[in-house]
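predicted model and sequence below, questions to follow.
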Amino acid sequence: MSTDPTAGRADPGFDPGAAYRCSPQVSLRPESFGALVYHFGTRKLSFLKTPQLVDVVTGLEKHPDVHAAIEAAGVAETERPAYLKALAGLAASGTIEARPTT
């Protein structure tokens, strides 16, 4: 049994109770399945696989924390752990980043 509290987490620095935003180095292109994501810094192309995940990512800037953005996008309670995992991965890749609170 692991004693590491970060074991199994996609990004130990990801805090869903904090404010995030889509990185300024990222461009989202809406598609029927969700969106294409291009990171100009890393030149990496990736996908947001659902329109609802696109709503969460684009809504991050408008909400005080990740949980509020997920709730505002209408994500079902049972799906929220999967969305948190996806957002942790997006944070680890630099697609989303912590945003300073003022």
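Cool, got the structure.

enumerate the positions of the longest helix belonging to the chain that are buried.
Among the segments of the chain that qualify as a helix by DSSP state H, the longest is helix 80-92. Across helix 80-92, burial judged by 16 or more other CB atoms under 10 Å covers 83-84, 86-88, 90-91. Yep, even glycine has a C-beta here, placed from its N, CA and C like the rest.

can you check stretch 52-64 too?
For stretch 52-64, using 16+ other CB under 10 Å, the buried residues are 52-60, 63.

the residue nearest the centre of the chain: what's it in contact with?
In the chain, the residue lying closest to the centroid (CA atoms, centre = their mean) is residue 87, at 2.9 Å. Applying CB atoms under 8 Å, 6 or more residues apart in numbering, we find residue 87 in contact with 14, 16, 20, 56-57, 66, 96.

and with 7 Å instead?
66, 96 (CB atoms under 7 Å, 6 or more residues apart in numbering).

ok, now how distant is it from residue 60?
8 Å (CB to CB, to the nearest Å).

mind listing the shared neighbours of the two?
The contact lists of residue 87 and residue 60 share 66, 96, where a contact means CB under 7 Å, 6+ apart.

surely residue 97 is in a strand?
Yes: applying DSSP: H, G, I helix; E, B strand; the rest coil, one finds residue 97 inside a strand.

residue contacts, it?
By CB under 7 Å, 6+ apart, the neighbours of residue 97 are 20-21, 23, 91.

apply 10 Å and report the result again.
Neighbouring residues of residue 97 by CB atoms under 10 Å, 6 or more residues apart in numbering: 20-26, 60, 90-91.

let's see if you can find the most crowded of the residues you listed.
Within these, neighbour counts (other CB atoms under 10 Å) peak at residue 90, which reaches 26 neighbours.

give me the number of residues near the residue lying closest to it once chain neighbours are set aside?
Spatial nearest neighbour of residue 90, excluding adjacent residues (CB to CB, 6 or more residues apart in numbering): residue 96 at 4.7 Å. When neighbours are counted by other CB under 10 Å, residue 96 registers 25.

surely residue 96 meets residue 20?
Yes: look at residue 96 against residue 20 with CB atoms under 10 Å: they come within range, at 4.9 Å.
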